[in-house]
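S.K.: Output the structure for:
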Amino acid sequence: MEKSSSSSSLGPLGLDIAQSFFKPIQHGSPPSPTKRHAKISVIGAGNVGMAIAQTILTQDLIDEIALVDVNPDKLRGEMLDLQHAAAFLPRTKILASVEYSVTAGSDLCIVTAGVRQGSGESRLSLVQRNVKLFSRIVPQLARYSPDTILLVVTNPVDVLTYVAWKLSGFPSNRVIGSGTNLDSSRFRFLIADHLDVSAQDVQAFIVGEHGDSSVALWSSMSVGGVPILSFLENQQIVFTKETLENIHKEVIESAYEVISLKAYTSWAIGYSVASLARTILRDQRRVHPVSILTKGFYGIDGDDVFLSWPAQLGRSGVLGVANVHLTDEEAHRLRDSAKIIAEVQSQLNVTNLVFSDNNSSIAG
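M.R.: Model prediction:
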């Protein structure tokens, strides 16, 4: 499948009217060559990839978006479907191809391609099936966009972000996993629902693995600037540790519930990743809990592991890591989460993954 995009040609003879439709004003200068052209590529045109692409297109964030997938017919159909909404969206050039050359010059490459997670399947059980896929994807992205930022969404996201880092050869600040950004949103929603407030007024983070060993940072949670646990203690409101654990358990099981009901998750992760894209490309320097290289933090030493932690993001990727105070129990759980990821990574041999230019197919 060749690269496809909108065209300025009309009719069977391909008459190009773009240059004659508008006439230049007198004494004007040509367009500035320094104008910033923002481009995002989305790898994988499945439910998650298209939810991300659609959400990004509504935000007036980029000038160009490229979609890559192994299925040329579905890919062209998705591209045309989005192009036909042009009258209702900010102007964005939409490209689609099975060839990675379409991603050239991307500021941000979002990888969603992978084997779909089944009902009740642990994210970590997906790893072996997706590592080989990444060995065909990541080197191509690095080849065509050597200065891009890689944003990995495919599960298990922490391990695959590590794999992407190794395969790309990029500095660690330019390889990010979507991590627990969505988990934290689910957490904030549940707390807000309990207190009948807006989720935007809840500051709460889920950190560690994007999965079963994640850690809820109850000690630093606040609502409207009020630390919630201190408030409950000062007001002598009785609560149990079991109550808190049940809320965290509900966060962990949220994705599994959605998958069991509709076979996949899409809209929430679409909004989550779009928020990360906006923070990065607009250099907003907001703090998001995303999967980053956490070696050297909170006693995580030895192995290079990617885990979610509140990080400041901007135009160059990860700008810094928030210095959040942890209780001893939270720090212990975080290190346990790191050990689980490290154990999975120890079974991989990333350096021996073979990449071939002749085998660039992907799965959506």
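S.K.: What segments of the stretch 151-300 of the chain are helices?
M.R.: Secondary structure of the stretch 151-300 of the chain (DSSP state H, counting those that start in this stretch): helices at 157-168, 181-195, 228-234, 241-262, 267-281.
S.K.: Would you format the ones you listed as JSON lines with mean neighbour count included?
M.R.: No exception for glycine: its C-beta is placed from N, CA and C like everyone else's. Putting the helices of the stretch 151-300 of the chain into JSON lines (neighbours: other CB atoms under 10 Å) gives the following:
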{"stretch": "helix 157-168", "mean neighbour count": "27"}
{"stretch": "helix 181-195", "mean neighbour count": "20"}
{"stretch": "helix 228-234", "mean neighbour count": "13"}
{"stretch": "helix 241-262", "mean neighbour count": "14"}
{"stretch": "helix 267-281", "mean neighbour count": "21"}
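S.K.: quick one, which of those helices is nearest to E329?
M.R.: Set against E329 and scored by CB to CB, these come closest in helix 241-262, at 9.8 Å.
S.K.: related to what we said a few turns ago, worst mean pLDDT among the helices of the stretch 151-300 of the chain?
M.R.: In terms of mean pLDDT, the lowest-scoring of the helices of the stretch 151-300 of the chain is helix 228-234 (a mean of 78).
S.K.: Give me the contact list for it.
M.R.: If you take CB atoms under 8 Å, 6 or more residues apart in numbering as the criterion, helix 228-234 is touched by I191, W218, S219, M221, S222, I237, F239.
S.K.: same question, stretch 263-271
M.R.: The contact list for stretch 263-271, computed with CB under 8 Å, 6+ apart, reads 46-48, 50-52, 54-55, 116-117, 119, 153, 178, 182, 185-186, 255, 258-259.
S.K.: try it again with 7 Å
M.R.: In this structure, residues lying in contact with stretch 263-271 by CB atoms under 7 Å, 6 or more residues apart in numbering are 47-48, 51-52, 54-55, 116, 153, 182, 185, 255, 258-259.
S.K.: List the contacts of the nearest residue to S266 once chain neighbours are set aside.
M.R.: Distance criterion CB to CB, 6 or more residues apart in numbering; nearest residue to S266, sequence neighbours excluded, is A51 at 4.0 Å. Counting by CB under 7 Å, 6+ apart, A51 touches S266, W267, I269, G270.
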